[in-house]
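Novice: Only the shape, not the letters, is given here:
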């Protein structure tokens, strides 16, 4: 007998024993398990018995002293004042700089036309340099 034959025989025996077990314990093997925590497992924080004294107690809230609240308020007012100073300074600086005029396409065309005209005039005023005569031998 090969090892593969032995393994197949063992698998067949296991499935047969599982079916017999299911019949004896009245459980169905065909049902699949659902994902997640199995039903009936208690949550670790869940109370197992009801004790009114335990449930009536609320955790004590921590309170802040008036002095602490005053310090926080003063710090926040200082932050607001600083941001207002910065905003005021930026607004003053922006107001002191004059706004640039919007450049239109017409103005750009006019300027380029003037530059081109100046080049033509400049070229016409320059004397043309004569090329040296080359002798053909």
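Specialist: Perfect, I can see it now. Keep in mind the model is a prediction, meaning the values are calculated, not measured. Residues are numbered from 1 along each chain as shown.
Novice: Could you list the low-confidence segments of the chain?
Specialist: For the chain, the stretches with pLDDT under 70 are 27-31, 40-56, 99-101, 127-137.
Novice: let's go with 80 and repeat that
Specialist: 1, 26-34, 37-60, 94-104, 106, 122-137 (pLDDT under 80).
Novice: middle-most residue in it, spatially?
Specialist: residue 83 (26.9 Å; Cα atoms, centre = their mean).
Novice: so how far is residue 119 from residue 32?
Specialist: Distance, residue 32 to residue 119, using Cβ to Cβ, to the nearest Å: 88 Å. Glycine gets a C-beta too; all of them are placed from N, C-alpha and C.
Novice: Looking at the two, which is more packed in?
Specialist: Taking other Cβ atoms under 10 Å, residue 32 and residue 119 do not tie; residue 119 has more neighbours (10 against 6).
Novice: Where does the residue nearest to the centre of the chain fall, secondary structure wise?
Specialist: helix 66-96 (DSSP states H and E).
Novice: Just the buried residues of that helix, please?
Specialist: By 16 or more other Cβ atoms under 10 Å, helix 66-96 has no buried positions at all.
Novice: how far is it from where the chain is centred?
Specialist: 30 Å (Cα atoms, centre = their mean, to the nearest Å).
Novice: For residue 81, see how far away residue 69 is.
Specialist: Taken as Cβ to Cβ, the span from residue 69 to residue 81 is 19 Å.
Novice: ditto for residue 21
Specialist: 79 Å.
Novice: And residue 104, by the same measure?
Specialist: 44 Å.
Novice: Over to residue 110?
Specialist: Residue 110 is 51 Å from residue 81, by Cβ to Cβ.
Novice: what about the helices in the protein?
Specialist: Using DSSP state H, the helices of the chain run over residues 3-25, 52-56, 66-96, 105-125.
Novice: Just tell me which of the ones you listed ends up closest to residue 39.
Specialist: Nearest of the helices of the chain to residue 39, taken as Cβ to Cβ: helix 3-25 at 17.7 Å.
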